[in-house]
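Chemist: Sequence first, then the predicted structure:
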Amino acid sequence: MAVALPKAVTGAYERLAGEFDKLSTTQKYAVGIAGGVTSLYLLAKVLKGSDRDKPTTLQLSGGSIEASKVKTEFDAYADSYGKNAGEGITDRSKTVHLVDVFYSLVTDIYEWGWGQSFHFSPKLPNKDLRASEAAHEARIAALLRLQPGQKALDCGCGVGGPMRTVAAVSGAHVTGITINQYQVDRAKTHNARQGLAPLTDVVRGDFTNMPFKENTFDGAYAIEATCHAPKLEQVYGEIYRVLKPGSYFVSYEWVSTKDFDANNAEHVKIMDEINFGNGLPEMRTWKEAEDAGKGVGFELVMSLDLATASVVAGPWEGESSTGAGAGSSPSTAWYERLRMGKYTHAINHGIVSTVDALGLAPKGLKEVHHMLVEVAKSLIQGGESGIFTPMHLLLFRKPAAANKK
Ligand SMILES: C=C(CC[C@@H](C)[C@H]1CC[C@H]2C3=CC[C@H]4[C@H](C)[C@@H](O)CC[C@]4(C)[C@H]3CC[C@]12C)C(C)C
Ligand SMILES: C[S@@+](CC[C@H](N)C(=O)[O-])C[C@H]1O[C@@H](n2cnc3c(N)ncnc32)[C@H](O)[C@@H]1O
């Protein structure tokens, strides 16, 4: 079927062709060569690109996993989740490895479709997404009272979006730890490009067994990361160990809220889907998270679901809220950003499926993207129903007298 182009387009084309005809043969060659070189340059940029801010569609990779193994690794990841309601990862001893695989599979897609900060944020009134995201990260620096010259730890740092904000607003040095080598490389590239290399460091390691000496850091934080630990006590215990006495640890936790009913099949189904699409071994309740921190020796200073409550100015010593969420927040709900444009998820899936069909993306990436399209729906359901929050703020303090016999 012939496609009729708008008159404005055909008219412009005819005028250009007319102008081209007026050129001498040498000029025509020159235009041809310039056009060819420009096209080659643009093609090379799309295909390769280096030191990129974010991957282009054609750069979507399997992270630290070889392209030829992406499909096999994704299938093994999918098989590691039990079929029974509420089961999560069946063999919990494999959690850390599976999380590493998960982040190899999703890191490029996250950067491509979300940005360099792998977390949610309440959208603040009259502020755009990036400003709201940065405010959510800067709150961490304020809660930890970080100062220039101090040392902070970012537990589960992703590609370093939050670490760069925390270092930039506080002047403190931030060391990030992530289980995924591909994220280490990406974070270091971004840190250098954004002039923050001197205030940051990134290491590959397991946050349940960290390569740092006791009493090293003046503050520690985890943004939507400790939910990946096989047991919360393992990661909280390690953070307690490496913190100096009297220092703070703040976490934005993924937890079920007081509205979650473990006997409600629909609630459990939503949580199972959230666990699978986000590499979580299981979902903890906000109370379990509070108890885990206290259990390893921390004092609980503050506990508040930022999805439902506004934060007042500090300090918060001795002020431990119930976790039920006090007051209502004037901001837009965190899950609204996930809805994106009406057709964005479908369009993105079309793009990923096309590069997959053309053999320009690792086989298996289409399935990974499909998992993310599905989990976006489950996260929205979890948020709308109020049974789940990705931002339960827990502020802990290592007692000043810790370590003293
Ligand atoms: C804290 C975690 C990650 C939180 C979020 C950063 C990610 C959770 C779900 C992700 C996404 C869902 C839909 C994707 C979309 C289909 C794709 O085209 C572009 C990327 C998404 C928007 C993607 C981006 C990151 C998330 C929002 C967990 C893992 C503990
Ligand atoms: C959702 S991302 C959040 C990243 C970052 N906090 C942010 O907000 O951009 C979770 C991070 O936790 C890290 N992580 C999960 N399990 C880990 C483990 N056992 N040891 C170290 N890092 C881990 C992942 O590698 C990833 O970087």
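Modeler: Happy to help now that I have it. Please read all numbers here as calculations on a predicted model, not as lab measurements. Numbers count the residues shown, from 1 in each chain. Ligands and ions are numbered 1, 2, ... in the order given.

Chemist: Helix or strand: which one has Arg164?
Modeler: Here Arg164, judged by DSSP states H and E, is contained in helix 161-170.

Chemist: so does that helix get close to ligand 1?
Modeler: No: shown here: helix 161-170 not in contact with ligand 1 (Cβ under 6 Å from any ligand atom), separated by at least 9.8 Å. C-beta here means a position set from N, CA and C on the backbone, and glycine is covered the same way.

Chemist: packing partners for the helix or strand following that helix?
Modeler: Once helix 161-170 ends, the next helix or strand along the chain (criterion: DSSP H and E) is strand 173-178. On a contact count with 3 or more Cβ pairs under 8 Å, 6 or more residues apart in numbering; DSSP states H and E, strand 173-178 meets strand 151-155, helix 161-170, helix 181-193, strand 200-204.

Chemist: as a whole number, average confidence for strand 173-178?
Modeler: Across strand 173-178, pLDDT averages out at 99.

Chemist: So what touches that strand?
Modeler: 103, 149-158, 160, 163, 166-167, 184, 187, 199-205, 207, 210, 212, 217 (Cβ atoms under 8 Å, 6 or more residues apart in numbering).

Chemist: Repeat that for stretch 57-64.
Modeler: 46-49, 52, 55, 67, 69-70, 73, 100, 103-105, 107-109, 112, 180-183, 351-352, 355, 360-362, 364-365.

Chemist: where does this structure have its least confident helix or strand?
Modeler: When the helices and strands of the chain are scored by mean pLDDT, DSSP states H and E, helix 25-47 comes last with a mean of 60.

Chemist: Give me the buried subset of the contacts of stretch 57-64.
Modeler: 55, 69-70, 73, 100, 103-105, 107-109, 112, 180, 182-183, 351-352, 355, 361-362, 364-365 (16 or more other Cβ atoms under 10 Å).

Chemist: Residue numbers of the stretch 51-200 of the chain in contact with ligand 2?
Modeler: 96, 99, 103, 117-119, 156-158, 161-162, 177-180, 183.

Chemist: For ChimeraX, what selects the buried ones among the residues you listed?
Modeler: In ChimeraX, this line selects whichever of those come out buried by 16+ other Cβ under 10 Å:
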select :96,99,103,117,118,119,156,157,158,161,162,177,178,179,180,183
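
Chemist: Secondary structure class of the most centrally placed residue in the chain, three-state.
Modeler: With distances taken as Cα atoms, centre = their mean, the residue of the chain nearest its centroid is Phe118 (1.4 Å). Following DSSP: H, G, I helix; E, B strand; the rest coil, Phe118 is assigned to coil.

Chemist: which element is the residue nearest to it when sequence neighbours are not counted on?
Modeler: Sequence neighbours aside, Gly158 is the residue nearest to Phe118 in space, at 4.2 Å (criterion: Cβ to Cβ, 6 or more residues apart in numbering). Assigned by DSSP H and E, Gly158 belongs to neither a helix nor a strand.

Chemist: Report the contact partners of Gly158.
Modeler: Thr107, Gln116, Ser117, Phe118, Gly176, Thr178, Gln183, Ala187, Ala225.

Chemist: Quick check: the farthest pair among those residues?
Modeler: Taking every pair in the contacts of Gly158 and measuring Cβ to Cβ, the maximum separation is 14.8 Å, between Gln116 and Ala225.

Chemist: who's more crowded, these two?
Modeler: Ala225 (26 against 21; other Cβ atoms under 10 Å).

Chemist: Quick one: residues contacting the more buried one.
Modeler: So Ala225 contacts Cys155, Gly156, Cys157, Gly158, Phe207 (Cβ under 8 Å, 6+ apart).

Chemist: From the buried ones among the contacts of stretch 57-64, which land in strands?
Modeler: Counting by DSSP state E, no part of those is found in strands.

Chemist: can you pull the pLDDT of the nearest residue to Gly156 once chain neighbours are set aside?
Modeler: In space, and not counting its chain neighbours, Gly156 is closest to Ala225: 2.5 Å by Cβ to Cβ, 6+ apart. On the pLDDT scale, Ala225 is placed at 99.

Chemist: With the one 5 residues further on instead?
Modeler: Pro230 is assigned a predicted lDDT (pLDDT) of 98.

Chemist: And the residue nearest to it when sequence neighbours are not counted, its phi and psi?
Modeler: Leaving aside its sequence neighbours, Pro230 sits nearest to Thr95 (Cβ to Cβ, 6+ apart; 4.3 Å). Main-chain torsions, Thr95, degrees, to the nearest 10: phi -50, psi -50.

Chemist: Could you tell me which residues make contact with Thr95?
Modeler: Ile89, His228, Ala229, Pro230, Pro281 are the contacts of Thr95 under Cβ under 8 Å, 6+ apart.

Chemist: What about contact with ligand 2: does the longest strand seen in the chain have any residue there?
Modeler: The longest strand of the chain (DSSP E) is strand 243-256. No: against ligand 2, strand 243-256 shows no contacts by Cβ under 6 Å from any ligand atom, the least distance being 8.0 Å.
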